[in-house]
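> Predicted structure and sequence below. I'll ask about it afterward.
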Amino acid sequence: MLAVFHGCICGAGKDGRCGAALPDTTRSVPPLCAGIWKGADIFIPPPCIFPYGMSPCILVLNDQSICHDLKGHPESEQRMEQIRSILPGGRIGLKAPPVSMDDLLRVHMPEYLSRLEDLSGRCRPGGVAFLDSDTYVVSGSWDAARYAAGAAIAAAEEALSGRPAFAVVRPPGHHAGPVYGMGFCLLNNVAVAAAWSLTRVSQVAIIDWDVHHGNGTQAMFYDSDRVLYCSVHRSPFYPGTGRREETGSGAGEGCTVNVPLPAGSGSDAYLQVFQEEILPAVCSFDPDLILISAGQDPLADDPLGGMNLEPGDFGLLTELVCSGARKPPALVLEGGYGPSHGDAIMEILRVLDQWV
């Protein structure tokens, strides 16, 4: 079967050469395919075809998310209900087991995990506790978070086996750090999946397009040269991190790429960031796996985001990532609270389903 990749941003391999041979084929990839221009110096590549045998995108779901719910909170089960209502029937779905403690301990400290489990266990039915002013814990939160992190690992495993996957789960994770939860996040799902993947492969790239900077993810891998973390986010904005000057430390110097954008940024700004900064960094790093912290809160109708993207823009960003990577990504849901969030997810799935 042939997988259709919409454009090829860079054909660089681990030998550093653009146009390097694709895996299992003698064909070479030109550094850029002939394409069209849109707006101010924004290059939109046309389809390029690469030989990969893949199935449509796999959804990994977390039925336990309903156990982590606080009515009226932006990050409630209503988010998942809205997404489920728009997903078509008949799609391949997986239900993953909860994450193991060993997998959690690769990125979180034991004292934080014990505190989170204890806080959740002490909540009476209908009761609530708070890690901070934004981040709640109820009696089912510990189990819901463990299943969400397990789903992220399952998505990574699917991608490593050759099929794109999307862990459509909550609670989200990219603000959770080694010893803290914050910003609606309890366990760092994408970081857990990245650390699990590094027991099997050499290098992982994480692309974070959530409107907020993933401070927790960055902190976990800031001194590692095995994880490339790239974030495009609104700034100044919560949580106040993600400056361009934050580029990694020690062995990880240069493996963190932050691109802050002003409020109100739209499609042209995001396309330019991906074309000129994020995708070149990913191509140069040449990871074995790409994980995406997929927060769709830069949508124009998101009540918390303040950016100006439309649902179709997320399909285009997905196309660009796929073209640059030339391998299937694993996406993990982060934020997204507006009425068109489900439409944006459908646009992402539409692109990933073309890999057949």
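Sure thing, it's come through.

> Where does the nearest residue to residue 316 once chain neighbours are set aside sit: helix, strand or coil?
Leaving out its chain neighbours, the residue that sits closest to residue 316 by CB to CB, 6 or more residues apart in numbering is residue 271, at 7.1 Å. Placement of C-beta: from N, CA and C, glycine included. Of the three states, residue 271 takes helix under DSSP: H, G, I helix; E, B strand; the rest coil.

> In contact with residue 122, which residues?
Residues in contact with residue 122, defined by CB atoms under 8 Å, 6 or more residues apart in numbering, are residue 129.

> what's the answer for the one 10 residues further on, then?
Under the criterion of CB under 8 Å, 6+ apart, the contact list for residue 132 reads 181, 182.

> Which residue ranges of the stretch 1-150 of the chain form strands?
3-5, 36-38, 42-44, 48-50, 58-61, 93-95, 129-130, 136-137 (DSSP state E, counting those that start in this stretch).

> ditto for the stretch 201-350 of the chain
Using DSSP E, counting those that start in this stretch, strands in the stretch 201-350 of the chain cover 204-208, 227-234, 256-261, 289-294, 330-333.

> How far does the fourth one sit from its chain's centre?
Its chain's average C-alpha position is 4 Å from that of strand 289-294, according to CA atoms, centre = their mean, to the nearest Å.

> Show me what that strand pairs with in its sheet, parallel or antiparallel.
strand 204-208 (parallel), strand 330-333 (parallel) (DSSP bridges).

> With mean pLDDT as extra columns, can I get those in CSV?
Below are these laid out as CSV (pLDDT from 0 to 100):
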stretch, mean pLDDT
strand 204-208, 98
strand 330-333, 98
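
> Tell me the pLDDT of the residue lying closest to residue 74 once chain neighbours are set aside.
Closest residue in space to residue 74, ignoring its immediate chain neighbours: residue 337 at 5.0 Å, by CB to CB, 6+ apart. What the model reports for residue 337 is a pLDDT of 98.

> can you tell me how far residue 337 sits from residue 78?
Going from residue 337 to residue 78 by CB to CB, to the nearest Å gives 9 Å.

> list the buried ones in stretch 154-169?
Neighbour-count burial for stretch 154-169, counted by 16 or more other CB atoms under 10 Å, picks out 154-160, 163-169.

> And stretch 291-307, by the same measure?
Taking 16+ other CB under 10 Å as the criterion, stretch 291-307 shows 291-300, 302, 304-307 as buried.

> now do stretch 69-80
69, 75, 76, 77, 79, 80.

> got these as CSV, with distance to residue 60 columns?
Shown next, in CSV, are the buried residues of stretch 69-80 (distance: CB to CB, whole Å):
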residue, distance to residue 60
69, 20
75, 19
76, 21
77, 17
79, 16
80, 13
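
> residues near residue 56, how many?
15 (other CB atoms under 10 Å).

> nope, residue 129 is what I meant
14.

> and it, what does it touch?
Each residue near residue 129 by CB under 8 Å, 6+ apart is listed here: 119, 120, 122, 123, 136, 137, 138.

> now those residues in CSV, with distance to residue 57 and pLDDT?
CSV is the format used below for the contacts of residue 129 (distance: CB to CB, whole Å; pLDDT from 0 to 100):
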residue, distance to residue 57, pLDDT
119, 35, 98
120, 32, 98
122, 39, 97
123, 35, 97
136, 31, 98
137, 32, 98
138, 31, 98
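
> all helices for the chain, in order.
77-86, 101-104, 110-122, 141-160, 189-197, 215-221, 267-273, 279-285, 311-325, 341-352 (DSSP state H).

> What residues of the third one count as buried?
Put plainly, it is helix 110-122. Buried, per 16+ other CB under 10 Å, within helix 110-122: 112, 113, 115, 116, 117, 119, 120.

> Render the CA-only coordinates of that helix in PDB, please.
Provided in PDB are the C-alpha atoms of helix 110-122 (Å, rounded to 0.1, in the frame of the first residue of the first chain):
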ATOM      1  CA  PRO A 110       7.500   9.000  43.600                       C
ATOM      2  CA  GLU A 111       6.500  11.600  46.200                       C
ATOM      3  CA  TYR A 112       4.300  13.400  43.700                       C
ATOM      4  CA  LEU A 113       2.700  10.200  42.600                       C
ATOM      5  CA  SER A 114       2.000   9.200  46.200                       C
ATOM      6  CA  ARG A 115       0.500  12.600  46.900                       C
ATOM      7  CA  LEU A 116      -1.700  12.500  43.900                       C
ATOM      8  CA  GLU A 117      -3.000   9.000  44.600                       C
ATOM      9  CA  ASP A 118      -3.600   9.800  48.200                       C
ATOM     10  CA  LEU A 119      -5.400  13.000  47.500                       C
ATOM     11  CA  SER A 120      -7.700  11.300  45.000                       C
ATOM     12  CA  GLY A 121      -8.300   8.400  47.400                       C
ATOM     13  CA  ARG A 122      -9.300  10.700  50.200                       C
END
